[in-house]
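# my questions concern the predicted model and sequence given below.
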Amino acid sequence: MSPADSAAPPLVVAEDLARYFDVSSPWLERLIGREPRRRLRAVDQASFAIPRGRTLALVGESGCGKSTVARLVTGLYRPSRGRVLFDGVDVTAARGAAGAAVRRRMQMIFQDPYASLNPRWRVGDIVAEPARVQAVVRGRAQCQALVAELLQQVGLHPDDARKYPHQFSGGQRQRISIARALSSAPQFLVCDEPTSALDVSVQAQVLNLLADLQTRLGLTCLFISHNLAVVEYVADDIGVMYLGRIVEFGPRDAVLSRPAHPYTRLLLDAVPDLAMTGRARTPVGGEVPNPIDPPAGCAFHPRCPWADARCRAEPPALWVDGRGRVVACHAVQEGRLG
Amino acid sequence: MTAAVLEVRGLTVEFATRRGVVRAVEDLSLTIGEGEVLGVVGESGAGKSLTGTAVLGLLEPPARIGAGEIWLGGERIDHLPPARLRRLRGRHMGAIFQDPLTALDPLFTVGDQLEETIRAHLPASRAEARARAVALLAETGVPAPERRMDQYPHQLSGGLRQRVVIALALCAEPRLVIADEPTTALDVSTQAQIIALLKRITRAHGTAVMLVTHDMGVIAETADRVAVLYAGRVVESGPVRQVLHAPRHPYTAGLMASIPRLGAVGARLAQIDGAMPRPGALPPGCAFHPRCPKAMQRCREERPPAVADAASQVACWLAIAPAEMTARAGEGHARDGAIQALGSVPP
């Protein structure tokens, strides 16, 4: 979607991705209570492209579907509709050797460094696992050399390979996660809230490390976060999600300095004012509705100060405005909102 | 400072472990005046929640108060028997916790919980309690309060639940509210609403608030004064504007610099290397010295005492002995040995 990099084809392309979850009651209960089946649209109509060496950040509040997108892109979930192309290969259709080849080139870093490392494994084994599974290295000596190199790369000591995860702090564990993700030499890294479980001083260490590694290794990233300030720091492009849909998409500076969608404006307004300029946060009423039963029309209309009859009836489609912003909003498209 | 609602003097919270006594909070002092919001900020493990828990008298063994005094409105409360403390809690001290779902009883309606709390502390009939409960819900911005009274916590959204918890904490018009990470479990847009509410409502009632959080943004928007905790001690405290904009302790300065903020594109985040030491494994001297860019010999050997001037307090050798500062640390500062020289004037 960013026309700037038309020369090389983007590494990752998502086409009309959708993922529904069946959240119906057990069938007997449905039968007795005469309830219909219920579907949760976690992600709907998500399309984006990530050019090589760049970072796309998806932001949104809890339940907006951003983590589901991460899992769809890496093939951890199968999409209900649409497809993901990785370097031209359909991730969901690739099986066997082709599937393994695609998966070797993408890795994921998870939010909780306490839950994503096996407490019974030594750090060396944890870090080496992707390399071993993908047969990137052969033999013990080669494996140990790789682990030592990776640990050094993330700012740990090669001797740490003999320790267990509980001997490390949260930030160090996240470094171990990063080392593990890098061990199969991926080109594409999916980071799902990698710093939101960390303290700020440690968050800065991990963000700086990720930025360094991306430059050094030329990684392409999908970065999932709820924190706009963090996103501004890491992203080239930003997609804002609300209730399973991308409502605004564009280059970082355009989205953050000239937000179009009312929801993006709300999110920016809600960032706490550290400079203490006395700016009052505009208190926007309401909360994210239940995704099982989303509002009709534009999902944001109950909280939107610019909503009118059309917004309540007709869901807006993504629309490219003259200034390169991609936005799904009737008010913006009709010129009711600058 | 005479009208202090809460005064904590030299509080030490310790754990008796098999390997000896571990001090998680040490020699901590703070005061909160009427209608004042004191932010207690620090990273996980700094001892900020333990401090709040100790004030509420809710420490559970093996944690215990090892030393110090806690005064609430002129009454010493740290050595009161449990029955007496129970009467104080709810009546004179309210508590707001991080997760509203665990703070509310899932088996009782919102109305039941509010009415029970009101009647436990105030002489009120059922009807009066209900009327007061509805009024409180309305005041905390719960839409259609009459209807919400008969709903169960699971029927409410996260933001509404936290409003109910705030209403519960304020039921008996306590003098002090301890809010432990009240917005951490909420989404950003809801967070802004809850902060505004907490500020408005405590100001209107003249309630003193101890706001425990790791989020400097919340502190900046809510607190009047702030105390920064590191490894169980207050390293710096003072008016919020001064501490956030002209921090005197290198830890506060590092913490502020490491927060990503909007509009600072391209800049690399400042980072504090290393991690906070665990209680029980504190380094000798100043606990921050292994991570401190300005550490000097004295910091490694001797623990800096807290030095107070009119409104603020800092525990750092740099603030005490500027003459011994390394050349790197002394850039641009007057070195006349006076403490005031280091307390740069806030813009």
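That came in fine, so what should we check first?
# for chain B, give me its nearest residue in the stretch 201-338 of chain A.
The minimum distance from the stretch 201-338 of chain A to chain B, using C-beta to the nearest C-beta, falls at A:Pro272 (2.6 Å). The C-beta positions use only the backbone N, C-alpha and C, and glycine is treated the same way.
# state the distance from the residue in the stretch 1-150 of chain A that chain B sits nearest to to B:Ala223.
Closest residue of the stretch 1-150 of chain A to chain B, C-beta to the nearest C-beta: A:Glu61 (3.9 Å). Separation of A:Glu61 from B:Ala223 (C-beta to C-beta, to the nearest Å): 25 Å.
# that older thread, please name the nearest non-neighbouring residue to the residue of the stretch 1-150 of chain A closest to chain B.
Once flanking residues are discounted, A:Glu61 sits nearest to B:Asp187: 3.9 Å by C-beta to C-beta, 6 or more residues apart in numbering or on different chains.
# what residues are up against B:Asp78?
By C-beta atoms under 8 Å, 6 or more residues apart in numbering or on different chains, B:Asp78 lies in contact with B:Leu11, B:Ala54, B:Gly57, B:Ile65, B:Gly68, B:Glu69, B:Ile70.
# and the stretch 1-150 of chain A, which residues reach chain B?
A:Glu61, A:Ser62 (C-beta under 8 Å from any C-beta of the partner chain).
# which stretches in the stretch 1-150 of chain A count as strands?
A:12-22, A:39-50, A:55-59, A:81-86, A:89-90, A:106-109 (DSSP state E, counting those that start in this stretch).
# if you compare those, which one is most tucked away?
strand A:55-59 (a mean of 26; mean count of other C-beta atoms under 10 Å in any protein chain shown).
# so what does that strand touch, helix or strand wise?
Counting contacts by 3 or more C-beta pairs under 8 Å, 6 or more residues apart in numbering or on different chains; DSSP states H and E, strand A:55-59 packs against helix A:66-73, strand A:220-225, helix A:228-234, strand A:237-242.
# that strand pairs with which strands, parallel or anti?
As defined by DSSP bridges, the strand partners of strand A:55-59 come to strand A:220-225 (parallel), strand A:237-242 (parallel).
# what about chain B, any weak spots by pLDDT?
For chain B, the stretches flagged by pLDDT under 70 are B:1-2, B:264-267, B:321-347.
# CA atoms of the longest helix along it as CSV?
Secondary structure of chain B read by DSSP state H shows that its longest helix is helix B:188-205. In CSV, the C-alpha atoms belonging to helix B:188-205 read as follows (Å, rounded to 0.1, in the frame of the first residue of the first chain):
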residue,chain,number,x,y,z
VAL,B,188,-5.7,3.9,26.8
SER,B,189,-8.9,5.6,25.9
THR,B,190,-10.6,4.3,29.1
GLN,B,191,-7.5,5.1,31.1
ALA,B,192,-7.9,8.8,30.3
GLN,B,193,-11.5,8.7,31.5
ILE,B,194,-10.6,7.0,34.8
ILE,B,195,-7.7,9.3,35.5
ALA,B,196,-10.0,12.3,35.0
LEU,B,197,-12.6,10.8,37.2
LEU,B,198,-10.2,10.0,40.0
LYS,B,199,-8.8,13.5,40.0
ARG,B,200,-12.1,15.2,39.9
ILE,B,201,-13.8,13.1,42.6
THR,B,202,-10.9,13.1,45.1
ARG,B,203,-10.5,16.8,44.7
ALA,B,204,-14.2,17.4,45.3
HIS,B,205,-14.1,15.4,48.5
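# what is the subsequent helix or strand relative to that helix?
strand B:208-213 (DSSP states H and E).
# chain B contacts on the stretch 201-338 of chain A?
A:201-205, A:207-208, A:211, A:226-230, A:232-233, A:252-253, A:256, A:266-276, A:280-281, A:283-285, A:287-288.
# what sits against A:Phe249?
Applying C-beta under 8 Å, 6+ apart, the residues contacting A:Phe249 are A:Met1, A:Phe48, A:Asp237, A:Ile238, A:Gly239, A:Val240, A:Val255, A:Leu318, A:Val326, A:Val327.
# buried only: go through the residues you listed for me.
A:Met1, A:Phe48, A:Asp237, A:Ile238, A:Gly239, A:Val240, A:Val255, A:Leu318, A:Val326, A:Val327 (16 or more other C-beta atoms under 10 Å in any protein chain shown).
# and the pLDDT at the second one?
It refers to A:Phe48. On pLDDT, A:Phe48 comes in at 93.
# one step back: now do the residue nearest to A:Glu61 against A:Leu267, distance only.
B:Asp187 is 10 Å from A:Leu267, by C-beta to C-beta.
# so for those two, which sits in the more crowded spot?
Neighbour comparison, B:Asp187 and A:Leu267: the larger count goes to A:Leu267, with 26 against 21 (by other C-beta atoms under 10 Å in any protein chain shown).
# that older thread, now tabulate the helices and strands packed on strand A:55-59 in a markdown table and tack on mean pLDDT.
Output for the helices and strands packed on strand A:55-59, formatted as a markdown table (pLDDT from 0 to 100):
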| stretch | mean pLDDT |
| --- | --- |
| helix A:66-73 | 92 |
| strand A:220-225 | 94 |
| helix A:228-234 | 89 |
| strand A:237-242 | 94 |
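# and A:Pro9, its phi and psi?
As for A:Pro9, its main-chain torsions (degrees, to the nearest 10) stand at phi -70, psi 150.
# and stretch A:209-220, what's buried?
Neighbour-count burial for stretch A:209-220, counted by 16+ other C-beta under 10 Å, picks out A:Leu209, A:Leu210, A:Ala211, A:Leu213, A:Gln214, A:Leu219, A:Thr220.
# ok, the second one - contacts?
Shown here is A:Leu210, whose contacts under the criterion C-beta under 8 Å, 6+ apart are A:Ile178, A:Cys191, A:Pro194, A:Cys221, A:Val234.
# quick revisit: need the residues touching each of B:Asp187 and A:Leu267.
A:Glu61.
# my read is that A:Val172 contacts A:Leu209, right?
Actually, residue A:172 is Gln rather than Val. No. A:Gln172 is beyond contact range of A:Leu209, at 11.2 Å (criterion: C-beta atoms under 8 Å).
# let me know the helix or strand that B:Arg23 is in.
Going by DSSP H and E, B:Arg23 is in strand B:20-33.
# who touches stretch A:41-50?
Under C-beta under 8 Å, 6+ apart, the answer for stretch A:41-50 is A:1-2, A:10-21, A:56, A:65, A:68-69, A:72, A:82, A:188, A:220-222, A:237, A:239, A:241, A:244-246, A:249, A:291, A:294, A:318.
# how about A:Leu274, nearest residue that isn't a chain neighbour?
Nearest to A:Leu274 is B:Ala220, by C-beta to C-beta, 6+ apart, at 5.1 Å.
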